[in-house]
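In: need coordinates for the below:
(2 chains)
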Amino acid sequence: MTVSPSAFIKGAGSLLAGLGVTIRAFFQPVVTSQYPRQLLNISPRFRSHTKLVADRDNPDKNACTACQICVKACPSGSIVSVDGEKREGEKRKTGTSYILDFTTCSQCGICVEVCPYDALDFSADFNLVGYKREDFHFDLVREFGKRKKTS
Amino acid sequence: MEQIVSMIGWKTAKTIAGLVGVLIFVVFNALILTWAERKVAGHMQRRIGPKEVGPYGLIQPIADALKLLGKEILTPRAVDRPLYFLAPILIFVPVLVSFIVIPFDASLQVKDINVGILVILAFSSLSVLSILMAGWGSNNKYALIGAIRSVAQNIAYEIPLLLALLPVIMMTNSFSLKAIVEAQKGLWFVFYQPLAFCIYFIASVAETNRTPFDLPEAESELVAGYHTEYSGMRFALFFLAEYTNIFIVSAIAVTFFLGGYQGPFLPGIIWFLLKSYLLVFVIMWLRWTFPRVRFDQLLNISWKALIPLAFINLLLTGGLLKL
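Out: Okay, here's the model as predicted:
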C-alpha cells in the first residue's frame, strides 16, 4: 500500500466531506412524518373506496336513488346490492342500503362516472385494515349516516 | 455500616463501594448510549429515532432491557458448553476492571494504581479471548468467521493503540492515569501529540469493533458475527460490554490527550464526562457516515500505515525529549 501524499490528502478530504454531509443532516429538520400521530394531507384525486354524496337540495339525505345503474355498470360486480325506498312527499327513491364489496373493487371509477345523480364520489379513507373479508363489505348508506353524525 | 467497615477494613470497603458505583455507571452508561446511538442514527438519516416510550423515547432502552430479560435463554445443542457459557461473562470482566483506574475527577477514582494504563490495556486484550471463545463455542460458521476476524483485527490494532499512548507516557514518566492528567495542567497533550491522538482514535474505533471496522459483526455478511447464537441476557451482556468499551476508549483518550477532568468553571467530573461523551458522539458519527472497510484494507491500515507512523512518532518524541 504505497500512497502518494496528494492521494492521502485527497482521501482524507473525502472522509471529512462525508462527515460534513452527515453532521449537516444531523442538524437539519427531519423529513419523515410521524404517521399515527400525524396524518399527511391526502390529495383530492386520491381514490379509495366510493362514498355516497349528500343530496344537493337536502344535505341530510344521500343523493342515491337506487336506480341500479352502477350495479349494472360495475365490471367486477363489486356493488352487491343497492336498495331504496320511496318516502312521503319525495319524487324519487332514497338509498337505504348500498353494499360495496371492496375486496374485488379496483377503484376504476365507472360507477362514479355513470351515476346520473352524481351520488358517488371517492373517499380519502386509506386506513383500511380488517381481520376477514367481510370487514370490507361496506354499507355506504350507513357510512354516510356516520359521516353526517360526526360532522 | 461502621461495623461492616471495621470488619473488612476501610480500604476494602472503599473498593467495594467503588465497584458498586462502577456497576451502576456501566449499566446507566449502556442505557444512555443505546438510546443516544439510535437518536444519532435517526437524526443523521433525518428521522427522529425512538420517541414513543417516555419523553423523547428516553425510557426505550429500559423497555429493551426488560424485553431481553424476559426472553428465553436458548442454548443450541451443538455448542461447546463451558466456552459458550463463560464467554459473555468473561467479556464483562475486563470492562469492569478498566473502570477501577479511570480518574473521573481529582478525587473520584476507585484506585490509583501506578501501572494504571497497563491494567487497562492488559485486561482489554482479554476481550479478544472471550470473543474467540464465543465464536468457537457457538459451533456456528458465521460466529467462528466473526471471531477469527475479530482476533486478527484486535491483534493488529492493539499495537498502534499502545504505540500511540507511549509518547504520552514518555512525556510524563508515569503509567498512572492521575499523574498523566495532572501533567496536562498547562496544555493538553493533544497539542503536543496530534498524530498520536489520531492513531489512538482510529485504533480504538477498530478495537471496539465499530463501523467502519465492524467486520467481526458485519451483519450483512455474517448475520451477527460472534454473538449469532446468543440470545436474551447473554446477548445483552455482549451489547453492554460493547457500549462500555466505547466509553472506556473515549475516557482513555480524554485522560491521555484531552486533559482528563481538567477544565475551567465546571467541576472536574462534568468536564470529564462532557469530553468523553463528545468523543463517543464522534465514534457514533463515524459509524453512521462510513461504509465498512474490506478485510485486506483493514489490516493494511494498521500494519502499513498506523504502526509505522506510530513508531516514527515515538522515535521523534523520544529524540525531542532527549534534546
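
In: give me the pLDDT for residue 128.
Out: By default, I'm working from chain A. At residue A:128, the pLDDT value in this model is 84.

In: try again with chain B
Out: Here the pLDDT value assigned to residue B:128 is 83.

In: just residue B:285 next, same as before
Out: The predicted local confidence for residue B:285 is 91.

In: and if you look at the one 5 residues further on?
Out: Residue-level confidence at residue B:290 comes out at 88, pLDDT.

In: for it, which non-adjacent residue is spatially closest?
Out: Once its chain neighbours are removed from consideration, residue B:290 has its nearest residue in residue B:212; the separation is 4.0 Å (Cβ to Cβ, 6 or more residues apart in numbering or on different chains). Placement of C-beta: from N, CA and C, glycine included.

In: just checking, that neighbour is part of a helix?
Out: No - with DSSP: H, G, I helix; E, B strand; the rest coil as the criterion, residue B:212 is coil rather than part of a helix.

In: can you give me the neighbour number for it?
Out: 19 (other Cβ atoms under 10 Å in any protein chain shown).

In: would you enumerate the residues in contact with residue B:246?
Out: B:33, B:208, B:210, B:280, B:283 (Cβ atoms under 8 Å, 6 or more residues apart in numbering or on different chains).

In: for chain A, state which of the residues you listed is nearest.
Out: When these are ranked by distance to chain A (Cβ to the nearest Cβ), residue B:283 comes first, at 12.0 Å.

In: just the element for that closest one, please.
Out: Following DSSP states H and E, the helix or strand that holds residue B:283 is helix B:268-287.

In: other residues contacting that helix?
Out: Outside of helix B:268-287, the residues that reach it under the criterion Cβ under 8 Å, 6+ apart are A:19, A:22-23, A:26, B:33, B:36-37, B:40-41, B:44, B:103-106, B:108, B:201, B:205, B:208, B:210-212, B:214, B:246-247, B:249-251, B:253-254, B:258-263, B:266.

In: can you name every helix or strand that the host helix or strand of residue B:26 contacts?
Out: Residue B:26 belongs to helix B:10-44 when elements are defined using DSSP H and E. Using 3 or more Cβ pairs under 8 Å, 6 or more residues apart in numbering or on different chains; DSSP states H and E as the contact criterion, the secondary-structure elements in contact with helix B:10-44 are helix A:5-27, helix B:2-8, helix B:60-70, helix B:93-101, helix B:232-257, helix B:268-287.

In: right, and the helix or strand after the helix holding residue B:283?
Out: Going C-terminal from helix B:268-287, and assigning secondary structure by DSSP H and E, you next hit helix B:295-300.

In: CA atoms of that next one as PDB?
Out: Once side chains and other backbone atoms are set aside, the C-alpha atoms of helix B:295-300 remain, and they are given as PDB (Å, rounded to 0.1, in the frame of the first residue of the first chain):
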ATOM      1  CA  PHE B 295     -10.600  -7.000   5.300                       C
ATOM      2  CA  ASP B 296      -7.300  -6.500   3.500                       C
ATOM      3  CA  GLN B 297      -7.800  -2.800   3.800                       C
ATOM      4  CA  LEU B 298      -8.400  -3.200   7.500                       C
ATOM      5  CA  LEU B 299      -5.200  -5.000   8.100                       C
ATOM      6  CA  ASN B 300      -3.300  -2.700   5.700                       C
END
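
In: check whether the helix or strand just after it comes near chain A.
Out: Remark: after helix B:295-300, the chain's next helix or strand is helix B:307-322, criterion DSSP H and E. No - shown here: helix B:307-322 not in contact with chain A (Cβ under 8 Å from any Cβ of the partner chain), separated by at least 10.7 Å.

In: mind checking how far helix B:307-322 is from the chain centre?
Out: How far helix B:307-322 lies from its chain's middle: 26 Å, per Cα atoms, centre = their mean, to the nearest Å.

In: got the contact list for that helix?
Out: If you take Cβ under 8 Å, 6+ apart as the criterion, helix B:307-322 is touched by B:159, B:160, B:163, B:164, B:166, B:167, B:170, B:171, B:193, B:195, B:196, B:199.

In: residue B:160 is in contact with the last one, correct?
Out: Yes - taking contact to mean Cβ atoms under 8 Å, the distance of 5.2 Å between residue B:199 and residue B:160 places them in contact.

In: who's more crowded, these two?
Out: Neighbours of residue B:199 and residue B:160, each counted by other Cβ under 10 Å, are more numerous for residue B:160; the result is 28 against 25.

In: coming back round to it: quick one: closest of the helices and strands packed on helix B:10-44 to residue B:135.
Out: Closest to residue B:135 of the helices and strands packed on helix B:10-44 is helix B:232-257 (Cβ to Cβ; 11.4 Å).

In: now the closest one: mean pLDDT?
Out: Per-residue pLDDT values over helix B:232-257 give a mean of 86.

In: return the set of buried residues in that helix.
Out: Buried residues in helix B:232-257, counting neighbours by 16 or more other Cβ atoms under 10 Å in any protein chain shown, are found at B:234-257.

In: inside helices: which ones of the contacts of helix B:307-322?
Out: Within those, residues falling in helices by DSSP state H are B:159, B:160, B:163, B:164, B:166, B:167, B:170, B:171, B:195, B:196, B:199.
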